[in-house]
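Undergrad: Here's a sequence, model it:
(chains A and B)
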There are 2 protein chains.
Amino acid sequence: MSNNRTNTNLTKLKLDPEDIQRTLIDIQKYLNCLDNLDTNNESYLNDLKSLINSLHSSNIAFILESLQKDQRDKLWKMVSTVNRSGVLLEIDNWTRESLIETLSFEDLIEITSILDTDELAYLADDLPLDVIVEAQKKLNPEERFQFLRAMGYPEDSVGAIMDFEMIKVREDITLEVVLRYLRRLQELPDHTDQIFVVDRQEKLQGTLSLAKILVSELDVEVKDVMDSDFLTLNPLDSDSDAASAFERYDLVSAPVMDDKGRLIGRVTVADVVDIIQEDSQEQDLSRAGLQEEDIFAPILTAIQNRAPWLLFNLCTATIASLLAARFETTVSRIVILAFLMPIVAGIGGNSGNQTMTMIIRALAVGRITEDNIWQLVKKELKVTFLVGILGGALSALFAWIISNSIQITIVTVIAMICNMLVGAVIGVLVPMLRAHFGKDPAIGSSVILTFITDSFGFFIFLSLATFLLL
Amino acid sequence: MSNNRTNTNLTKLKLDPEDIQRTLIDIQKYLNCLDNLDTNNESYLNDLKSLINSLHSSNIAFILESLQKDQRDKLWKMVSTVNRSGVLLEIDNWTRESLIETLSFEDLIEITSILDTDELAYLADDLPLDVIVEAQKKLNPEERFQFLRAMGYPEDSVGAIMDFEMIKVREDITLEVVLRYLRRLQELPDHTDQIFVVDRQEKLQGTLSLAKILVSELDVEVKDVMDSDFLTLNPLDSDSDAASAFERYDLVSAPVMDDKGRLIGRVTVADVVDIIQEDSQEQDLSRAGLQEEDIFAPILTAIQNRAPWLLFNLCTATIASLLAARFETTVSRIVILAFLMPIVAGIGGNSGNQTMTMIIRALAVGRITEDNIWQLVKKELKVTFLVGILGGALSALFAWIISNSIQITIVTVIAMICNMLVGAVIGVLVPMLRAHFGKDPAIGSSVILTFITDSFGFFIFLSLATFLLL
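TA: Next comes the predicted model:
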């Protein structure tokens, strides 16, 4: 029992990230001691077992993710079956597979037997085939149908995150009957904020919130109090679209209908919060050319994750340099150009990156239309030009300090402003074109931007120098 | 009434972002036509008015955000008072102020009169003082106390997002009494998934979910069915910590208690979803050195937003170049070094950026402890070294193509691997140090990284060349 923040060790629900980190540190100490003890210290082991199993499954998942492979496997063996199913559902993708590998067929059957159908479908990709076959045998025909259907939806779709646990009623019964029905169930599915009103063909007629049931008189019929204006999802809708609808309309759950208008499942806000977090993390990583990675991943996995993007960048940087190398004569006569060249290239990239960030955000929410695109481009060019004048003044000072030459200073400033304008155009164009061709505008755009601002920056600077200074 | 996806124009709740964009385009057409008509076309105006007011307030907010200033002001005049209050609550910060400026004192009083206390506190920063004074007069003493308290909490705290609309009951009454009480209320606050059990001193004893009320027998007492293990928030907790707790424990609402254990408010998942979205957008922008900006912001505002970061980057790039310029003699003898130099600097930055992204993520969730930090550093260095060997092989090829010299190729490869290792060290150290000193590890780290990998890259490459090739 805990109704006080100071009793944090008594409750499973810890708020403070530092509380959880402290538990992680404790567990690391336990594990280190166990490593150092020669004999198996029973009481020590039991303390650790009861500590880890007293935690909420998402905190166990976090702690497992934060341990190195050998310690993780050791701790995982101590987690009870009930907690194991929760952990497998909560843990990051990159750790799940390795945890499942350590479990025996019997362990896995025990774990899968306490999963809901949608949870089983969620884990199915990582489970061995014989476990899935065995687990399926325990489903009733309706559940098996749901399971197979859930397996068929693409990864980022509503179908992949929906569950099948929901309460359905008819519209012509009274609330008294609804209440009697609910009381017989003993428990409602998690995140039930509303029940669904369907006809004989399972077609969705309306929704009825629990709050409405509680405040209404018992003798009214469902159809008189149900809500008929509600958001419905299609299993093939993108999960990000669903998430942004939950955000806009402050939803807790939403029904999922097939193409014939039949209710087949629901999505809850708990899934949506996960989607929003994951999308934002994926974007963070993809911007650095990375995928999700275990911080203690084997070296080879880490290399496979990082090398492709780095090597690709190396190639584009080399192409830009090869282009610049055509001006070898110019640079050999005015060596100082070599040291101004990276500045011109860099500022174009940085400035273009600002424009691109604004455009990608506006694109993501659908703010850009034919009517405002030209205003937007004009505005970006104006802003860039004016910031370029400011930057030009500053870089004129620097170029003068480095080169001591008015001509070189002028060439630097002109090249810089030109390259910034190119950066602005690329910053608008590349994400727009990628979005137009159905690609994610965020990923890859920055590589293209840097390549163009580098190449063009070198080119315009060295050409101007060649024509004006030699 | 709509229970079908094809009837989207009949429902306020549109899922598909393209539906909303289509409405935006329609409204832009309307506004353009109105601009071009000399006389005031009444029927046109009325059509537009009823179109905009038929939308959900968060969609109206989106459309206003996406219009240019003059069109935005024109449309805003057509929005009804009820919708206006919703729009002001939903709209992005950068647009809110300018919308409020266009409203008269009377308009604002009308709008504020339909707000809850916490909503009034939320808008108070942007409202004129005389409006707040007038609105406060209409609050009862308890509401005024809540309002003043809410105004006092810092911006990113739980206190700033909590609301005061919640149902409280005593533990010694039966569910039958609870039900009678709820029925008298006629309506429950939005997102009521649970009611709170308090004693005479308003101290929180437990929580009781609506689902539990519905499935339990009516003659049991509240204390026998209430849940005593629940998460509580303090008004001074950070809103991001609260958000991650909602994510971990799949919550819909959570009680907020003061230091004496008294219930003073609650936070709902709707606020939390907004926090998660805003945090992720802020990070996106801050990485490019930007703050939230109206895509149609006046040019001057846009310049103020963008210039500081760009000019700061220009300074660091210049310092790196000044350092490189000390090797002018070396470059003047072997000009080709000038074109290899940016490649060496760039790969160090890119590789360090990958390391830094991993570390910032691990830090954000509290995964890094004293026990695992050294393993982590060792792993990053090993991975970087091995990727460096790969990249070295590739760049050896490129350096050979550019320079046709074995010595230059060797110098390039060594400098590149050294600079990548420096990038890895900086990628670990900078975010760790920033976090240690209580700063956000994400912001500013990349500027420092680029500065160091540029400077060191130029330095190591040109020094090696000076000692080995001259």
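
Undergrad: C-terminal to the helix or strand containing A:Thr357, what's the next element?
TA: Element membership of A:Thr357, judged by DSSP states H and E, is helix A:337-364. Using DSSP H and E, the helix or strand that follows helix A:337-364 towards the C-terminus is helix A:370-403.

Undergrad: is that next one up against chain B anywhere?
TA: Yes - shown here: helix A:370-403 in contact with chain B (CB under 8 Å from any CB of the partner chain) through A:370-372, A:375-376, A:379, A:382-383, A:386-387, A:390-391, A:394-395, A:398, A:401-402. Backbone N, C-alpha and C define where each C-beta goes, glycine included.

Undergrad: just to revisit the earlier point, report the rounded mean pLDDT for the helix holding A:Thr357.
TA: Per-residue pLDDT values over helix A:337-364 give a mean of 92.

Undergrad: For A:Asn32, which residues are in contact?
TA: B:Asp371 (CB atoms under 8 Å, 6 or more residues apart in numbering or on different chains).

Undergrad: Report the distance from the helix or strand hosting it to the chain centre.
TA: Using DSSP H and E, A:Asn32 sits within helix A:17-36. Relative to the centre of its chain, helix A:17-36 is centred 28 Å away, using CA atoms, centre = their mean, to the nearest Å.

Undergrad: and if you look at stretch A:399-406?
TA: 47 Å.

Undergrad: hey, C-alpha coordinates of that stretch in CSV?
TA: Taking Å, rounded to 0.1, in the frame of the first residue of the first chain, the C-alpha atoms of stretch A:399-406 are listed here in CSV:
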residue,chain,number,x,y,z
ALA,A,399,38.4,36.2,-44.4
TRP,A,400,40.4,39.4,-44.1
ILE,A,401,42.1,38.1,-40.9
ILE,A,402,43.0,34.9,-42.7
SER,A,403,43.9,36.2,-46.1
ASN,A,404,44.8,39.9,-45.7
SER,A,405,43.3,40.5,-49.2
ILE,A,406,40.3,42.5,-50.2
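
Undergrad: Kindly provide the whole-number mean pLDDT of that stretch.
TA: On average, stretch A:399-406 scores 88.

Undergrad: Then stretch A:433-442?
TA: 80.

Undergrad: I'd like to know if it reaches chain B anywhere along the stretch.
TA: No - using CB under 8 Å from any CB, stretch A:433-442 stays clear of chain B, with a minimum separation of 8.9 Å.

Undergrad: Would you work out how far apart the start and end of that stretch are?
TA: Counting by CA to CA, to the nearest Å, you get 11 Å between the two ends of stretch A:433-442.

Undergrad: So which elements touch the strand or helix carrying A:Ala243?
TA: Assigned by DSSP H and E, A:Ala243 falls within helix A:239-249. In this structure, helix A:239-249 packs against helix A:158-161, strand A:253-257, helix A:269-287, helix B:57-65, helix B:269-287, with contacts taken as 3 or more CB pairs under 8 Å, 6 or more residues apart in numbering or on different chains; DSSP states H and E.

Undergrad: distance between that helix and the chain's centre?
TA: Using CA atoms, centre = their mean, the offset of helix A:239-249 from its chain centre is 14 Å.

Undergrad: Give me the contacts around that helix.
TA: Contacts of helix A:239-249 (CB under 8 Å, 6+ apart): A:156-158, A:160-161, A:231, A:233, A:251, A:254, A:267, A:269, A:272, A:275-276, A:279, A:365, B:13-17, B:56, B:58-59, B:62, B:273-274, B:277.

Undergrad: how far off helix A:337-364 does that helix point, in degrees?
TA: 70 degrees (axes from the mean of the first three to the mean of the last three CA atoms, to 10 degrees).

Undergrad: and helix A:239-249, what's its mean pLDDT?
TA: According to the model, helix A:239-249 has a mean pLDDT of 89.

Undergrad: And for stretch A:181-197?
TA: 93.

Undergrad: Show me what counts as buried in that stretch.
TA: A:182, A:188-189, A:191-197 (16 or more other CB atoms under 10 Å in any protein chain shown).

Undergrad: got it, and stretch A:403-417?
TA: Quick answer for stretch A:403-417 (16+ other CB under 10 Å): A:403, A:408-417.

Undergrad: Any buried residues in stretch A:78-94, and which?
TA: Buried, per 16+ other CB under 10 Å, within stretch A:78-94: A:79, A:83-91, A:94.

Undergrad: end-to-end on it?
TA: Start-to-end, stretch A:78-94 (CA to CA) is 20 Å.

Undergrad: quick one: the helix or strand just after the helix holding A:Asn32 near chain B?
TA: Using DSSP H and E, the helix or strand that follows helix A:17-36 in sequence is helix A:42-53. No - judged by CB under 8 Å from any CB, helix A:42-53 stays clear of chain B, getting no closer than 15.0 Å.

Undergrad: what helices or strands is helix A:42-53 leaning on?
TA: helix A:17-36, helix A:57-65, helix A:69-78.

Undergrad: Now mean neighbour count, mean pLDDT and distance to B:Gln201 too, for the helices and strands packed on helix A:239-249, in TSV please.
TA: TSV is the format used below for the helices and strands packed on helix A:239-249 (neighbours: other CB atoms under 10 Å in any protein chain shown; pLDDT from 0 to 100; distance: least, CB to CB, whole Å):
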stretch	mean neighbour count	mean pLDDT	distance to B:Gln201
helix A:158-161	24	92	43
strand A:253-257	23	95	35
helix A:269-287	19	87	33
helix B:57-65	23	91	39
helix B:269-287	19	87	27
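
Undergrad: Fine, thanks again, bye for now.
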